[in-house]
Every structure is written in C-alpha cells, then in structure tokens.
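Enquirer: pasting the sequence and the predicted coordinates here, then a few questions.
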Amino acid sequence: AQSVTQLDSHVSVSEGTPVLLRCNYSSSYSPSLFWYVQHPNKGLQLLLKYTSAATLVKGINGFEAEFKKSETSFHLTKPSAHMSDAAEYFCVVRDINTGTASKLTFGTGTRLQVTL
Amino acid sequence: NAGVTQTPKFRILKIGQSMTLQCTQDMNHNYMYWYRQDPGMGLKLIYYSVGAGITDKGEVPNGYNVSRSTTEDFPLRLELAAPSQTSVYFCASSRAQGAPDTQYFGPGTRLTVL
C-alpha cells in the first residue's frame, strides 16, 4: 500500500526567502510523485511530477522537487517566496503497479503562508 | 478548451434530500474521478471510471453512485444526503495512455448538508 506524509501542516516564510515543504512517501513499487497547489476556493493545479527520469524535477512558478529514493522523500523547494505562493500544497503518490487507473494517494496538505 | 467543469459551485441540502453533482471534460480523457476533500485533509477517491460504461469504487464510495454514459460526463449522485457528506467535491480526468498520467481537476462543488 502507498502512503504520503507531509511533515508540516503549516509553514510560514517571509517574502524573498526560501521555501521548503517536506514530503515522505511509502510505496511498494516504483512510485510516481506529484505536487499540487490549491489556492483558496480553487481547484488543484499540478506544480510538478516525478516520472522516474531525472531526480530533480522543475515545475511551474520556480518550484522544484528532488526525488531521493534512499530517504523516500520528495521535498518541494523554491529559492525565493512570493506573496502569490500562499496556498495549500499537496504531495501525491501514485503506484505504477496499481493497474490501469491512476489511483492517487494525497497527503494531508501543507499550508504555506508568506509574510512581508 | 474549458478543461474540467463542475456544477453547481455551491449547494445546501437538507438531510435525506438527493442531488446530482455534474462533471464534464472536453479533453477527450478516458479516465475520470470523483474526490471529496474534508477540512484539513487531503483528497479521498470516491469513484472512478476508465471509460464510458465502466465505473469502480474508490476509497470512500458509501452513500454515492455514479454513471458514465459518455466520455465527457461523469455525474455523482447522492441519494439520501447525510451531514457526513458535507465536503468539497472535486472531479478530475486523465488520459488513458502513458504513465504517470496527470490528473486535471475541476474547480470543485462545496456541499453542505444540514
């Protein structure tokens, strides 16, 4: 069975400082990993995804994540936070071997607050 | 190309009432999904479909029904609404071929059962 643990429910950073949102996963097979962002009262938008190619994945809006198999981690980072980054972020895992449907397991989310 | 659309955006139901949440996608995706999101939680899969005429249960299917008569539409039916079904409901779709197939989400329907 697959699972995802987002280690922080809430992260607060100052504008212009680095962002680190932590995610650990558990998977029986080679996983696919995603980060989605949800702005208030909006649907989810894909930030980036790991597809077993390059371990450092670059996404939209300057975000990137590094897949570390030895640490079973997929932390999301951004060098410099912007006020518009304030949102809820979800780490998501998909087992490659779950059959034809793309069954995703979501973490509980990390709320990112960006202050002036 | 509107992507995934959901209606209504908001709804308040009384206990025991029924309703259908509509979901339509115009990306010709074979796979469609329904999730619910409770406060402070991630999304949980209710039902999914791998193509027209084919549906299957997800993690939390009790109290819901779905149908998939066309590729575009995947309505979610609540027959006897209960307060436990108060949640935000998201519909999503993805392509059939290739992995991992990115899921595209609609804007959500906020449902309150009183």
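Expert: Everything's here; your move.
Enquirer: which residues does B:Tyr47 bridge with?
Expert: Counting by DSSP bridges, B:Tyr47 is bridged to B:Trp34, B:Lys57.
Enquirer: next: the one 4 residues further on.
Expert: Beta bridges link B:Gly51 to B:Ile54, judged by DSSP bridges.
Enquirer: tally of neighbours for it?
Expert: Counted with other C-beta atoms under 10 Å in any protein chain shown, the burial measure for B:Gly51 works out to 14 neighbours. C-betas here are computed from N, CA, C, even on glycine.
Enquirer: what does chain B have sitting close to chain A?
Expert: Residues of chain B found near chain A (C-beta under 8 Å from any C-beta of the partner chain) are B:4, B:31, B:33, B:40-45, B:48, B:50, B:56, B:58, B:90, B:92, B:94, B:96, B:99-108.
Enquirer: just the pLDDT for B:Thr102.
Expert: Among the per-residue scores, B:Thr102 holds a pLDDT of 82.
Enquirer: these two touch, right, it and A:Gln45?
Expert: No: look at B:Thr102 against A:Gln45 with C-beta atoms under 8 Å: they stay out of range, at 10.6 Å.
Enquirer: for the residue found closest to B:Lys14 once you drop the neighbours it is linked to in the chain, what are its contacts?
Expert: Excluding the flanking residues, the one nearest B:Lys14 by C-beta to C-beta, 6 or more residues apart in numbering or on different chains is B:Leu114, at 6.1 Å. Residues in contact with B:Leu114 (C-beta atoms under 8 Å, 6 or more residues apart in numbering or on different chains) are B:Ile12, B:Leu13, B:Lys14, B:Ile15, B:Pro83.
Enquirer: before we move on, what about A:Glu66?
Expert: In this structure, A:Glu66 makes contact with A:Thr55, A:Leu56, A:Val57, A:Ser73, A:Phe74, A:His75, A:Thr77, judged by C-beta under 8 Å, 6+ apart.
Enquirer: got it, and B:Ala92?
Expert: Neighbour list for B:Ala92: A:Leu44, B:Val4, B:Met32, B:Tyr33, B:Trp34, B:Tyr35, B:Gln103, B:Tyr104, B:Phe105, B:Gly106 [criterion: C-beta under 8 Å, 6+ apart].
Enquirer: below-threshold pLDDT in chain A: ranges please.
Expert: Low-confidence segments of chain A (pLDDT under 70): A:95-102.
Enquirer: try 80
Expert: Filtered on pLDDT under 80, chain A yields the residue ranges A:1-2, A:27-30, A:41, A:52-53, A:95-103.
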